[in-house]
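Trainee: give me coordinates for this.
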Amino acid sequence: MNTGELLAAARAKGLRIAVAESCTGGLLAGELTGPAGASTVFDRGFVTYSNAAKMDLLGVTTEALEIHGAVSEDVAGQMAVGALHRSEADVAVAITGVAGPGASGRKPEGRVCFGLATAQGARTETVEFGPRGRDEVRQASVAHALDLLLQAVERTP
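Mentor: Numbering: from 1, shown residues only. Take a look at the predicted model:
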């Protein structure tokens with residue numbers, strides 16, 4: 001996915017983007033802010049690696065974290081909605097997962113949950129990237145989030 005394509009599409013529609021990241025630790029925000037002129041589209045990024053940060057900065061509930069765990073669609077959805085509501089963005093994406101090495105509790109390496117939020121609502125999905133190693137899982141997560149953002153921008157009137 002070409003980041004420039006996403007930024008151009010968002011710019012053409014006057015849309016702003018926010019991101020909420022856990023396992024990618026700011027890589028997505030870095031990718032989005034790499035091209036010149038990104039400031040016309042990128043509003044802000046939240047790196048919420050700890051559960052406390054997810055709750056404090058994005059409004060993720062204690063109940064969601066206790067019942068489903070940080071790596072869950074429920075938490076990813078709350079992260080995306082929180083990023084949308086705590087920014088000037090029109091579309092927000094969230095990433096939370098197990099980059100590895102190894103599993104985290106009962107959740108395998110490579111499981112990543114995504115949330116996407118717009119004014120029209122929120123949706124979530126889980127992708128099993130598998131045990132590719134930490135760097136590859138993180139890069140695959142960034143690429144998938146960019147694809148989700150492009151789809152959301154293209155669907156926005």
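
Trainee: could you use CA atoms for every contact and neighbour count after this?
Mentor: Will do.

Trainee: ok, the residue nearest to Leu28 when sequence neighbours are not counted to Ile95 distance?
Mentor: Nearest non-adjacent residue to Leu28, counting by C-alpha to C-alpha, 6 or more residues apart in numbering: Val142, 5.4 Å away. Val142 is 8 Å from Ile95, where distance means C-alpha to C-alpha, to the nearest Å.

Trainee: remind me what the top helix by length along the chain packs against, helices and strands.
Mentor: Taking DSSP state H as the criterion, the chain has its longest helix at helix 134-155. Secondary-structure packing of helix 134-155 (3 or more C-alpha pairs under 8 Å, 6 or more residues apart in numbering; DSSP states H and E): helix 3-13, helix 27-33, strand 91-97, strand 111-118.

Trainee: pull out the CA atoms of it and give them to me as CSV.
Mentor: Extracted in CSV, the C-alpha atoms of helix 134-155 (Å, rounded to 0.1, in the frame of the first residue of the first chain):
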residue,chain,number,x,y,z
ARG,A,134,8.4,-9.3,16.0
ASP,A,135,9.5,-7.0,13.2
GLU,A,136,7.5,-8.7,10.5
VAL,A,137,4.3,-8.8,12.7
ARG,A,138,4.6,-5.1,13.4
GLN,A,139,5.3,-4.2,9.7
ALA,A,140,2.4,-6.4,8.6
SER,A,141,0.1,-4.7,11.1
VAL,A,142,1.1,-1.2,9.9
ALA,A,143,0.4,-2.3,6.3
HIS,A,144,-3.0,-3.7,7.2
ALA,A,145,-3.9,-0.6,9.1
LEU,A,146,-3.0,1.6,6.1
ASP,A,147,-5.3,-0.6,4.0
LEU,A,148,-8.1,-0.2,6.5
LEU,A,149,-7.6,3.6,6.5
LEU,A,150,-7.7,3.8,2.7
GLN,A,151,-10.9,1.7,2.5
ALA,A,152,-12.5,4.0,5.1
VAL,A,153,-11.4,7.1,3.2
GLU,A,154,-12.7,5.8,-0.1
ARG,A,155,-16.1,4.9,1.5
